[in-house]
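>>> here is my input; please provide its structure:
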Amino acid sequence: MAQPYLEYSFEISPLQPASEILIAELAELGFDSFVETETGLLAYIPKEGDAPRLEGIGILSSPNFKISYKHIEVAPVNWNETWEKNFNPILIDQSCAIRAPFHAAFNVPYEIVIEPKMSFGTGHHETTHMMVQFLLRAELKGKTVLDMGCGTAVLAILAAMRG
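Okay, here's the model as predicted:
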């Protein structure tokens, strides 16, 4: 079962450099996730007993910035499941499909089925997409290919499929 989190919503003026300083100070208290917004920052910390005391956060009392905040409890969420619901298959140059096992099959020369789990290498990122296009055009037979920092290894899989 996932652990509940507390979400702190900070309104900050002026936004910079205050949000960067605030992130650094909150990380020291155990906050582990941050989302910058147009007006401030969302900060997340695992809920363990009472809400953390923010009196030691120096920037909150700085006369140079106006910072207000509130917090709510965020119900536990299976983030992999949530992410997978929004994971769509991709088709590149009508030749290569990258999909998860829960998607319908494609009728293309190269179909790569991956278990995404929030991984890098789903083909959605522009650089991965461009590398798939390159690999579809490149002559790979008899060559050695190295997929550095491969995440799901989608590029290495395609290279292997192409010989």
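>>> quick one: residue 155 and residue 128 touch, right?
Yes: taking contacts as C-beta atoms under 8 Å, residue 155 lies within contact range of residue 128: 6.9 Å. All C-beta atoms are positioned from the backbone trio N, CA, C, and that covers glycine.
>>> following the helix-or-strand element of the chain with minimal mean pLDDT, which helix or strand shows up next?
For the chain, counting by mean pLDDT, DSSP states H and E, helix 79-85 ranks last in confidence among helices and strands (a mean of 70). Moving toward the C-terminus from helix 79-85, the next helix or strand (DSSP states H and E) is strand 90-92.
>>> which strands border that next one, and is each parallel or antiparallel?
In the sheet, strand 90-92 lines up against strand 96-99 (antiparallel) (DSSP bridges).
>>> thinking again about what came up before, which one of residue 155 and residue 128 is surrounded by more residues?
Set side by side, residue 155 and residue 128 show more neighbours around residue 155, with 23 against 20, by other C-beta atoms under 10 Å.
>>> helices and strands around the strand or helix carrying residue 129, which ones?
Element membership of residue 129 [criterion: DSSP H and E] is helix 126-137. Secondary-structure packing of helix 126-137 (3 or more C-beta pairs under 8 Å, 6 or more residues apart in numbering; DSSP states H and E): strand 90-92, strand 96-99, helix 154-161.
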